[in-house]
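Undergrad: Sequence and predicted structure below; questions after.
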Amino acid sequence: MSSVALTTALPHAAAAAAVGEASRIPFTERYRAVQHGGLVRTANTSVTCESTAGAKVPCADAKAGAKGTNGDYRMTYIDVDEDPNTYNSSQAELKLPENATVSYARLYWGGNLRVGEQKPVKDNGRVLFAEPGGQYKEVLADTTIGHLSGNGFDAYSASADVTDIVKDANPGAFTVAQINIAKGHSAAGTWGGWTLVVAYTDQTAPLRELAVWDGFESLSAERRSYALTLDGLRIPAKGSGSLGVVAYDGDRGSGRNALSVRAGRAAAVALHDDANPADDAMNSTIADAGRPVSGRQPSYRNTLGYDSDVYDLRPVLGNGAEELTVGFGTEEEGYHVGALFLQADASR
């Protein structure tokens, strides 16, 4: 990969000032379409354990999927690009159908700024983004950045529209670098990563509801639950669908956080699969319907504080739905939610 190429019109400092920050951002709809096509996402973490800091589980075992948490280890950057100008980078393959045409793409990123060091907040709204085989391009956040500090952490979440880059890209792995994340060790631990969400059209695919919501909502000992309703849907009875979630600082093995979905006035259904137990939904995984996502470099099973999961919604959609209520819960220190994305069959 060659050196950085800048494509944004605003200088870094001006862009950061333009978007601003807030400690809480209610979820709102970012993209919506009913079309023949679908939603895909790719994602990876940007930090991992370097050495054990009193943990019972060795770092290598945690990377392979054992129950380690980021506060157990000295954490360091992942850097796969062999570029001396970057200090963190990771890759993941975007898998689009052969006949797909990209209609929308959004990049989400975030992390913890305080651990063994304190990173400056001025860099929260900037990352480097490279399409398969291409040069890095500077990407600046284009909406308000979620940023909350407390209890040993300094967390943020940001995003930007990258449709033009993704639409013109060749198939393969995308690389994201220079995400603003601290490294080191503290009881709170550090975490960080990125998710690329892409909507596409494909006339050979079913007619589907496609939607992306984002915000920045934190759960904690003081705020045990959060719910939001996704309305205006036309999902038929016995329809198929999936729900994606991006979240930060979920600890594997806690057994004390949950994710549920309710269709209309029906009873809520706890989402779970082979990668995400019903009582440990935010458990540091990047998975599709319980299966680890392939095509990532590195492909750690335990991401130590970063979740980008896609859940099968068929257990929720037996009677169809005009609205879905997504509920988050915790009985531990909590986590932060940054994005949701829905794909579901649409009534004709």
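TA: Structure received.

Undergrad: What are the boundaries of the helices in this protein?
TA: Remark: helices assigned in the chain by DSSP state H are 12-19, 59-63, 163-167.

Undergrad: Would you single out the least confident of those?
TA: Lowest mean pLDDT of those: helix 12-19, a mean of 50.

Undergrad: Low-confidence ranges, the stretch 1-150 of the chain, go.
TA: For the stretch 1-150 of the chain, the stretches flagged by pLDDT under 70 are 1-18.

Undergrad: Can you dump the C-alpha atoms of the longest strand belonging to the chain in PDB for me?
TA: Longest strand in the chain, counting residues (DSSP state E): strand 25-45. What follows is strand 25-45, C-alpha atoms only, in PDB (Å, rounded to 0.1, in the frame of the first residue of the first chain):
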ATOM      1  CA  ILE A  25     -26.700  11.100  20.500                       C
ATOM      2  CA  PRO A  26     -30.200   9.600  20.200                       C
ATOM      3  CA  PHE A  27     -30.500   7.100  17.400                       C
ATOM      4  CA  THR A  28     -31.900   8.400  14.100                       C
ATOM      5  CA  GLU A  29     -32.300   7.000  10.700                       C
ATOM      6  CA  ARG A  30     -29.300   7.500   8.400                       C
ATOM      7  CA  TYR A  31     -30.400   5.600   5.300                       C
ATOM      8  CA  ARG A  32     -33.600   4.000   4.100                       C
ATOM      9  CA  ALA A  33     -34.600   2.200   0.900                       C
ATOM     10  CA  VAL A  34     -37.000  -0.500  -0.300                       C
ATOM     11  CA  GLN A  35     -35.300  -2.100  -3.200                       C
ATOM     12  CA  HIS A  36     -34.100  -5.400  -4.800                       C
ATOM     13  CA  GLY A  37     -30.800  -5.800  -3.100                       C
ATOM     14  CA  GLY A  38     -29.400  -6.000   0.400                       C
ATOM     15  CA  LEU A  39     -27.000  -4.800   3.100                       C
ATOM     16  CA  VAL A  40     -23.600  -6.100   3.800                       C
ATOM     17  CA  ARG A  41     -20.900  -5.100   6.200                       C
ATOM     18  CA  THR A  42     -17.300  -5.800   7.000                       C
ATOM     19  CA  ALA A  43     -15.400  -4.900  10.100                       C
ATOM     20  CA  ASN A  44     -12.400  -5.400  12.300                       C
ATOM     21  CA  THR A  45     -10.800  -4.400  15.500                       C
END
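
Undergrad: what comes up buried for that strand?
TA: 25, 27, 30-33, 35, 37-45 (16 or more other Cβ atoms under 10 Å). Any C-beta I mention is one placed from the backbone N, CA and C, and that applies to glycine too.

Undergrad: which residues touch residue 305?
TA: Residue 305 makes contact with 45, 47, 69-70, 112, 189-192, 248-251, 284, according to Cβ atoms under 8 Å, 6 or more residues apart in numbering.

Undergrad: at 6 Å what do you get?
TA: By Cβ atoms under 6 Å, 6 or more residues apart in numbering, residue 305 lies in contact with 70, 191, 249, 284.

Undergrad: Weed out the non-buried ones from these.
TA: Of those, these count as buried by 16+ other Cβ under 10 Å: 70, 191, 249, 284.

Undergrad: So residue 113 versus residue 304, what's the distance?
TA: According to Cβ to Cβ, to the nearest Å, residue 113 stands 16 Å off from residue 304.

Undergrad: So for these two, which residue has more residues nearby?
TA: Taking neighbours as other Cβ atoms under 10 Å, residue 113 and residue 304 compare with residue 304 leading, 29 against 23.

Undergrad: I figured that one hits residue 72, correct?
TA: No - here residue 304 lies out of contact with residue 72, judged by Cβ atoms under 6 Å, at a distance of 8.6 Å.

Undergrad: What number of residues are in the vicinity of residue 200?
TA: Neighbourhood size, residue 200 [other Cβ under 10 Å]: 23.

Undergrad: Is the residue nearest to residue 216 when sequence neighbours are not counted bridged to anything, and to what?
TA: Leaving aside its sequence neighbours, residue 216 sits nearest to residue 146 (Cβ to Cβ, 6 or more residues apart in numbering; 2.3 Å). Per DSSP bridges, the residues bridged to residue 146 are residue 22, residue 157.

Undergrad: Please list all residues in contact with residue 146.
TA: Listed by Cβ under 6 Å, 6+ apart, the contact partners of residue 146 are 25, 157, 216.

Undergrad: what distance separates stretch 167-176 from the centre of its chain?
TA: 18 Å (Cα atoms, centre = their mean, to the nearest Å).

Undergrad: What is the end-to-end distance of it?
TA: End-to-end distance for stretch 167-176: 17 Å, by Cα to Cα, to the nearest Å.

Undergrad: Which positions in it come out as buried?
TA: For stretch 167-176, the neighbour count (16+ other Cβ under 10 Å) marks 169, 173-176 as buried.

Undergrad: same thing with stretch 109-119?
TA: 109-115, 119.

Undergrad: Specify which member of those residues is nearest to residue 323.
TA: residue 110 (27.8 Å; Cβ to Cβ).

Undergrad: which residues does that closest one form a beta bridge with?
TA: Bridge pairing for residue 110 - DSSP bridges - gives residue 157, residue 193.

Undergrad: show me what contacts it?
TA: Shown in contact with residue 110 (Cβ under 6 Å, 6+ apart): 156-157, 248, 338.

Undergrad: Understood, closing this out.
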